[in-house]
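Trainee: Pasting the sequence and the predicted coordinates here, then a few questions.
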Amino acid sequence: MKVSLIQTNPQADKAANLATTRKLMEDAVRTDAPDLIVLPEYFEYYGGSPEGKLNEAETAPNGAAYKMAQDFAREHKVFVHAGTIMEKVEGEARIYNSTFVFDRSGKEVAHYRKIHMFDIVAPDGTAYKESATVKPGEDVVVYDLDGFKVGCAICYDIRFAELYLELEKAGVDIIILPAAFTLQTGKDHWEVLARARAIETQTYFVACGQTGAVVSGGEKRHTYGHSLVCDPWGHVVARASDGVGFVTARIDREQINRVRALIPMVQHRRLGKRHEACAV
């Protein structure tokens, strides 16, 4: 199976973002004929103001971003893991940060809402408070893709090993993570975490990131890019260059089987009971 990762630099212009993304998807289909196309986090709209995000949020199955990804899957007979789309939350001034997945017929086969909120202070003092505008999801989501089982995650989720243990228990072969990783954290943590998640789950880890700068809330912020695919041994088998573009990798069932036979972690896992130390 082949997977193409589309790396874009979305801004606060939804129509332009969708046009750029679709053009890159068409280029990937024409040159590499992938079975699966993966888009980055917030591929349809990024930056701007909180009010702008609310105005552009969609209610599935309506909305321009949802329809573009769905139509593309149906027209080109390809799976589309549609990065993330801003999904309206009824009665709230927040959105869900949601992944939608479409099969070769354009049917929606998965819907995952980001669980972990990016509420941190970066090394340069920049504060991020995702929970102020995004409502966290609750469900672990897995779907089938031509005989492979695929697990869903989004951006900051990459840091939480518990989620990946749950995906491993569900028997996934591939984990897909759309992201808009910051430049500051990305340069130190992006590849390290992606490789760690692949090694500990013995899966292909597909991390598709935004690239470049965007103005958000009046501040210029930079995303890291470097979209990549790690194999179950933790090797980076494909990586995008800097800037807008795409990269394609091959997913090999035999490599998954080989790694799991060499190091049978599922059979070896043992969790001991926790005991509190006694005061002396």
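Mentor: In hand now; what should we look at? Residues are numbered from 1 along each chain as shown.
Trainee: so when I look at residue 4, I'm seeing a strand, right?
Mentor: Yes: membership of residue 4 in a strand is supported by DSSP: H, G, I helix; E, B strand; the rest coil.
Trainee: which ones are touching it?
Mentor: By CB atoms under 8 Å, 6 or more residues apart in numbering, the contact set of residue 4 is 25, 28, 29, 32, 34, 36, 37, 38, 246, 247, 248. Using the backbone N, CA and C atoms, a C-beta is placed for each residue, glycine as well.
Trainee: Next: residue 154.
Mentor: Counting by CB under 8 Å, 6+ apart, the residues that residue 154 touches are 41, 84, 97, 99, 112, 114, 115, 177, 178, 179.
Trainee: State the distance from it to residue 177.
Mentor: 6 Å (CB to CB, to the nearest Å).
Trainee: Sketch out the strands for the stretch 101-250 of the chain, chain order is fine.
Mentor: Under the criterion DSSP state E, counting those that start in this stretch, the stretch 101-250 of the chain contains strands at 108-113, 119-121, 127-129, 142-145, 148-152, 174-179, 204-209, 211-216, 219-224, 228-230, 236-239, 245-250.
Trainee: What lies in contact with the helix-or-strand element of the chain with minimal mean pLDDT?
Mentor: Taking mean pLDDT, DSSP states H and E as the measure, strand 127-129 is the helix or strand of the chain with the lowest mean score, a mean of 88. The set of residues that contact strand 127-129 without belonging to it, under CB under 8 Å, 6+ apart, is 118, 119, 120, 121, 122, 182.
Trainee: Quick check: buried residues in it?
Mentor: When burial is assessed from 16 or more other CB atoms under 10 Å, strand 127-129 yields the following buried residues: residue 128.
Trainee: follow-up on the earlier one: list buried members of the contacts of strand 127-129 by neighbour count.
Mentor: Of all the contacts of strand 127-129 considered here, the ones buried according to neighbour count by 16+ other CB under 10 Å are 118, 182.
Trainee: what's the farthest-apart pair in the contacts of strand 127-129?
Mentor: Spanning the widest gap among these are 119 and 182, at 13.2 Å by CB to CB.
Trainee: Tell me the confidence at residue 279?
Mentor: What the model reports for residue 279 is a pLDDT of 61.
Trainee: neighbours of residue 209, just the number please.
Mentor: 26 (other CB atoms under 10 Å).
Trainee: now the helices for the stretch 1-150 of the chain?
Mentor: 14-32, 50-56, 64-76 (DSSP state H, counting those that start in this stretch).
Trainee: Can you tell me which of these is most buried?
Mentor: Mean neighbour counts were taken over the helices of the stretch 1-150 of the chain using mean count of other CB atoms under 10 Å, and the top value, a mean of 20, falls to helix 64-76.
Trainee: Packing partners of that one?
Mentor: Counting contacts by 3 or more CB pairs under 8 Å, 6 or more residues apart in numbering; DSSP states H and E, the secondary-structure elements packed against helix 64-76 are helix 14-32, strand 79-81, strand 85-88, strand 95-102.
Trainee: Now tabulate those in TSV and tack on distance to residue 187.
Mentor: Written out in TSV, the entries for those read as follows (distance: least, CB to CB, whole Å):
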stretch	distance to residue 187
helix 14-32	24
strand 79-81	25
strand 85-88	27
strand 95-102	23
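Trainee: No further questions, thank you.
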